[in-house]
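Visitor: The following block contains a protein sequence and its predicted model.
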Amino acid sequence: MTLYKVLNKDGTPHHGGKGQWNLPARSDDGTWAPGEWMPEIQGDLEPCYNGYHLCRKNNLIRWLGPAIFVAEYRGEMVEAVEKLVVREARLLYPLKAWDERTARLFACDCAEHVSHLFEQKYPEDTRPRNAIEVARRFANGEATREELTAAWAAAGDAARDAARDAAWAAAWDAAWAAASAAARAAAGDAAWAAAGAAAGDAAWAAEQAWQTENLFKYLFPTNP
């Protein structure tokens, strides 16, 4: 079972917590030496309060951040909602394919995947789709930050124009947050909100599965 840990690039927590994880070291031949085992947690393991938190593949979408590491644990483990809480853990290697560009492209994919909800209701309003296209071109170095800012503002106007429909407004605001924000963490949370607000829990389960598979195409681009 492959497990993941999301952190800032320097090993500090991205989703709360304190301290700094021991980072893996890359050898001259390109291989990675695991980081040192983190100090053993004392006391009872308690989700969100006491223990090292890791996640499985199907939960990674909820914990995206600047750096994703493959991790392992030993000793006691407690199952929690969307995560594992463990007494001892270490980082094995970073997923180098995950960077600002791939995070932005993945966010665009998430927004585009729900954009039909807006277009069904407002078929002549192209501002959101244009914003996604500009964000994707920006990620590939084909658009300026000024173009991105203008497209983001136009998409925001579109969302506000649609605000009379509360369900749609929630969905689009979340989806566009994913596409427009370069922030890596926004991709997961915004995509989650978009699918949930737009279609409910059942549809979100399918959306989450789609997002996860699409995410892993970015994380492991050489895999078949």
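Guide: Sure, I can see it.

Visitor: Verify the stated contact: residue 25 with residue 11.
Guide: No - applying Cβ atoms under 8 Å, one finds residue 25 not in contact with residue 11, separated by 11.9 Å. C-beta coordinates here come from the backbone N, C-alpha and C atoms, glycine included.

Visitor: which one's the longest strand in the chain?
Guide: strand 67-80 (DSSP state E).

Visitor: ok, the next helix or strand after that strand: who's next to it in the sheet?
Guide: Next helix or strand after strand 67-80 toward the C-terminus (DSSP states H and E): strand 83-94. In the sheet, strand 83-94 lines up against strand 52-54 (antiparallel), strand 67-80 (antiparallel) (DSSP bridges).

Visitor: For whichever helix or strand comes after strand 83-94, what does the pLDDT average out to?
Guide: With elements assigned by DSSP H and E, the helix or strand that comes after strand 83-94 is helix 100-121. For helix 100-121, mean pLDDT is 86.

Visitor: do the same with stretch 32-49
Guide: 97.

Visitor: How about that stretch, which residues are buried there?
Guide: For stretch 32-49, the neighbour count (16 or more other Cβ atoms under 10 Å) marks 32, 34, 35, 38, 41, 45 as buried.

Visitor: For residue 76, see how far away the residue nearest to residue 46 when sequence neighbours are not counted is.
Guide: Nearest non-adjacent residue to residue 46, counting by Cβ to Cβ, 6 or more residues apart in numbering: residue 85, 7.1 Å away. Residue 85 is 9 Å from residue 76, where distance means Cβ to Cβ, to the nearest Å.

Visitor: for the protein, which spans come out with low pLDDT?
Guide: 159-202, 223-224 (pLDDT under 70).

Visitor: can you list the domains in it?
Guide: 3-94, 100-219 (automatic domain parsing).

Visitor: For residue 157, see how far away the nearest residue to residue 55 once chain neighbours are set aside is.
Guide: In space, residue 55 comes closest to residue 83 once its chain neighbours are excluded; the distance is 4.9 Å by Cβ to Cβ, 6+ apart. Distance, residue 83 to residue 157, using Cβ to Cβ: 37 Å.

Visitor: Between those two, point out the one with more neighbours.
Guide: residue 83 (21 against 13; other Cβ atoms under 10 Å).
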